[in-house]
Every structure is written in C-alpha cells, then in structure tokens.
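A.B. asks: quick one: sequence plus predicted model below, questions after.
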Amino acid sequence: MPELPEAETLVRGLRPVLTGRRIQQARIHHADVLRVPARAFRARVRGRRIEAVTRRAKNVVLVLDDGVLVVNLGMTGWLAPLGVAGRRPPRPTHPAVTFRLDEGRLVFDDVRRFGCVEALDPDEWGRRSDALGPEPLSPDFTIPGLQAALGASRSPLRSWLLDQRRVAGVGNIYACEACFRAGIHPAQRAHTVDEARARALHAAIRDVLGAAVEAGGTTIRDYRNADGEPGTFVRRLQVYGREGEPCVRCNTAVERTVFGNRSAFFCPACQPAP
Ligand SMILES: [Zn+2]
C-alpha cells in the first residue's frame, strides 16, 4: 500500500498541475470513500481554489482557499489529473470521486476503496496533523526524540514503526527495510533498542525513505504516480517480499514471520532474535 515515498511522489507530480486550479464541482461515484454525506462534501469543495499541494504522513493534502482536502490513499488509491495542464494519464478504472476543475478533472480512483477523501476545516486538520508523529525526512525527526519514543513502548519494533503517532508515513514495506538496514530484529521490543541501534534506526529510516522517494516509490501491484507510471524502488528492496532469497549482505535465506496480522521479512543472521 502507498506509504510516505509513494504519497510524496504523487504529490510532486500533482503540485505543478493542480496549484491554482479551481474546483467547480465534485461528483461522487462511491460515497463510502467519504466520511460525511455526499451533499455536505460537495458543498464544502464547490468553487474552492487549490492553493497548495502537500503531504502529511501517507496523506495527499490539497490546501484550499477555504478548508483542506485530505486524501488517504488506503491500499489502492490514486489521484489522476485528466486533461489538467495537458496531462493524459491512463483512464481511471474505478473512479470514486471526480472533481471537475476549471481546466480538466481530478479523479480519485480506488479499486478496493479502503481510501478516504475528506474536506476539513483548517483547525480540524491541524488537530489531526498534530496527533501524527514527526515527518521522518524533516528536521523534526531527531535521534533524541526517536530514542525517547522508543523507550516509552513495549511494542515489537516493526509494529511500533507502523504506528503513525510515532513516526509519520512508515508502512510495512519501509518498516521491514529500515529494521534490516539497522540490524534489528522486527520483533525486538521498542524499549530494548539501545542508543547505538536507535542511531542506526534513525539513519536507516531516513536513508530508505529518501532513496525510495528518489526512485519514485515502490510498486508491488497498484501504485502509480500522477502520470500513471509505477515506482522503481521494488528492485532495491533488501528483505521485503524476498522470503527464501539470499540476504544481500550475508547470503542467509531471508525469512518471513507474521505478527500484528502482517508479514515481517528479515535476515536471521543480520537481525538476530532478541
Ligand atoms: Zn544477512
């Protein structure tokens, strides 16, 4: 599912084409992606100008001249700018919401519809955003802050990393990759991660997310950028999805374990059991 690098890649593609556009009206194909009645949602976005296109955690955030449009991509969500500034991505196959703009359309497409589109007032969005952890690629994400937060939790590290209140934007793929790069077993309890490993983890999170943003994200199945193209970071994953394949460092077979209802991939030699 889309994580920070995929949302960031989508935002970077959308920003130059959507900034300054005006939403004339919204058409709701599937109201289950909204959190308010369709009529209320349409009224909130009608006539609004898109002032900025940003990202927070895994969310695409369109700052409007009145309010904030927050798009959580869920498992398979995609935003397609059709005919905006000459963009011609492939036609969406499962449109859930179509925004008619003063030039072209913006379609929220979502095959499985675990995604969500919300029109919030700025205070509401501010409270939501404040409840999220620091952005790992920003200066707000510090080694002392990470150490203190790890020390306060007994969760297995992989699960801890998925909690958006701890570090924003990390999902299962990059959590597994960061644990591997830091040499920490994914089931090790957060509070037992020592200072040296916390430093390694801090660097690993930033390195893997930064490299994935540069590669345009990871496409396992569905993820696409604003032009409908896949990300290429899948070729550089070191443990995720590589069960039984040799570790890139030591040749030991990569293993998979399941906890918290999610698979975790790790090298039993490079990431010794706690
Ligand atoms: Zn290894």
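C.D. replies: The structure has been received and is ready for your questions. Residues are numbered from 1 along each chain as shown.
A.B. asks: can you pull the contacts of the residue nearest to Q188 when sequence neighbours are not counted?
C.D. replies: Nearest non-adjacent residue to Q188, counting by C-beta to C-beta, 6 or more residues apart in numbering: P274, 4.0 Å away. For every residue, glycine as well, the C-beta is placed using N, CA and C. Listed by C-beta atoms under 8 Å, 6 or more residues apart in numbering, the contact partners of P274 are H185, A187, Q188, R189, T192.
A.B. asks: switch to 10 Å and redo it
C.D. replies: P156, L157, I184, H185, P186, A187, Q188, R189, T192, V193 (C-beta atoms under 10 Å, 6 or more residues apart in numbering).
A.B. asks: can you pick out the most distant pair from the residues you listed?
C.D. replies: By the measure C-beta to C-beta, these have their two most distant members at P186 and T192, which lie 13.1 Å apart.
A.B. asks: what touches both of those two?
C.D. replies: By C-beta under 10 Å, 6+ apart, P186 and T192 have these common neighbours: L157, P274.
A.B. asks: give me the more crowded residue out of these two.
C.D. replies: Neighbours per residue (other C-beta atoms under 10 Å) separate P186 from T192, with P186 holding more: 27 against 13.
A.B. asks: wait, isn't the more buried one in contact with P272?
C.D. replies: No: P186 is beyond contact range of P272, at 11.7 Å (criterion: C-beta atoms under 10 Å).
A.B. asks: shared neighbours, these two?
C.D. replies: With C-beta under 10 Å, 6+ apart as the test, P186 and P272 both reach F266.
A.B. asks: residues from the stretch 151-274 of the chain in reach of the ion?
C.D. replies: Listed as neighbours of the ion in the stretch 151-274 of the chain under the rule C-beta under 5 Å from the ion: C247, R249, C250, T252, C267, A269, C270.
A.B. asks: kindly recompute the last result at 8 Å.
C.D. replies: Listed as neighbours of the ion in the stretch 151-274 of the chain under the rule C-beta under 8 Å from the ion: C247, V248, R249, C250, N251, T252, V254, C267, P268, A269, C270, Q271.
A.B. asks: between these, which is closest to H30?
C.D. replies: Of all these, H30 sits closest to V254, with 38.2 Å by C-beta to C-beta.
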